[in-house]
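Visitor: Sharing a sequence plus its predicted fold:
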Amino acid sequence: MYSQTEQKIRALVTDQVVPGVSYGFIHGQQTWSNYFGASQLVPEKHNLQFGQLYDLASLTKVVATTTLILKLQEQGRLAITDPVQKYLPEFGDNRVTLRHLLTHTSGITGYIPHRNQLAAPALTKALLGLQVGADFCRKVVYSDTGLIYLGWVIERLLKLPVQTALTREVLRPLQLNTMTFAPEKARCVPASFEPAGRGLIQGVVHDPKAYILGEHCASAGLFSDLADLLQFSRFMLGDFTVSQPPIKPATIASLYQDYTGFGGGRSLGWQLLRASDGHAVLYHTGFVGHFILLDGSTHNAFVFLSNRIHPTAPNTAYLARRDQIVATYLQETAAQGIKAVLS
């Protein structure tokens, strides 16, 4: 059904752009998945195994953090129009709202000297001390900072470390039992290899800020296998029901629109792509080498996992290939829709 997309995925491995891949498609009521290649190349090569866990990197932002923020809004415990200062008075600008954080339009900017060498309290203070620049409410500038702030908002409301809150309020209700912030190292696909630094980064978060902040970071840190991400996708498409869903179908439906106020192409947490007929599709990537795409209109989803920064970052060649894979998938999805109409 997605032969051209799968051909391009396979070429990522055969052309040695990434060590290996795990991916899955949801099309209507059908779900299928595949994996191949290596889990790591150095210091020795290991083949990818079924059910291995990946460092999800920024997929944490949409799978867990955005979902919980939306849940708290449903419960009336916050509103996305609230100023950040209402929850984080240490932050110095009263114009920035939770919506600006979710859409990456806050304009928060600044340089933190020796950031990756700071201890958690010092990094927290430095992040809250960042300034708002000229891009405020005018431009989308993707950043971890806004989602880190949102994690601290969650902590102030729920009186729990944010990763504990995300596990209790989102992961467990959705029966995502493999998804975790504390994975078993042996089950994890290694991210990168830093011989002069952290060595083989396996089973601990790759992102430096998340590594320092630990359980108080909501921008990264989640690990998962492919199956749990497909289950999350089925929930977002309305196919997987649980007794206590974290968010309602109406809330999910409301995500398929632009929330920037200036056509910036961002929903709450999610990026918006456009299908060939113009309808909105939810999309998000992860630095380690992932993406998730959800299309509520056609009832399709595409989940892709790799460790493209193994052995080393940044591997920019992957980015253009990833975008080609997404474009090909959207073309093939549109073609499937035409075939369905004709039949």
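Guide: It's in.

Visitor: Downstream of the one helix or strand Trp32 maps to, the next helix or strand is which one?
Guide: Using DSSP states H and E, the element containing Trp32 is strand 30-40. Counting by DSSP H and E, the element after strand 30-40 in chain order, helix or strand, is strand 46-47.

Visitor: helices and strands around that next one, which ones?
Guide: strand 30-40 (3 or more CB pairs under 8 Å, 6 or more residues apart in numbering; DSSP states H and E). Placement of C-beta: from N, CA and C, glycine included.

Visitor: and Leu294, what are its bridge partners?
Guide: Leu282, Ala301 (DSSP bridges).

Visitor: Touching, it and Met236? I think so.
Guide: Yes - the criterion here is CB atoms under 8 Å, and Leu294 meets it with Met236 at 5.3 Å.

Visitor: what touches both of these two?
Guide: Common contacts of Leu294 and Met236 (CB atoms under 8 Å, 6 or more residues apart in numbering): 282, 301.

Visitor: I'd guessed Asn307 sits against Ala38; true?
Guide: No - Asn307 lies out of contact with Ala38 (CB under 8 Å); the separation is 9.1 Å.

Visitor: between these two, who's got more neighbours?
Guide: Neighbours were counted for Asn307 and for Ala38 using other CB atoms under 10 Å; Asn307 has more, 32 against 17.

Visitor: all strands in this structure, in order from the N-terminus.
Guide: In the chain, the strands defined using DSSP state E lie at 20-27, 30-40, 46-47, 54-55, 108-109, 131-132, 193-194, 199-200, 223-224, 271-274, 280-286, 290-295, 300-306.

Visitor: Look up phi and psi at Gly107.
Guide: Here is the backbone geometry of Gly107 (degrees, to the nearest 10): phi 70, psi 10.

Visitor: ok, now which ones touch it?
Guide: 96, 100, 132-139, 141.

Visitor: Quick one: mark the members of those residues that sit in helices.
Guide: If you go by DSSP state H, those have His100 in helices.

Visitor: so which of the contacts of Gly107 comes closest to Glu74?
Guide: Nearest to Glu74 among the contacts of Gly107: His100, at 20.1 Å, using CB to CB.

Visitor: pLDDT at the residue nearest to Lys125 when sequence neighbours are not counted, what is it?
Guide: Nearest residue to Lys125 in three dimensions, chain neighbours excluded: Glu90, at 7.8 Å (CB to CB, 6 or more residues apart in numbering). pLDDT, Glu90: 97.
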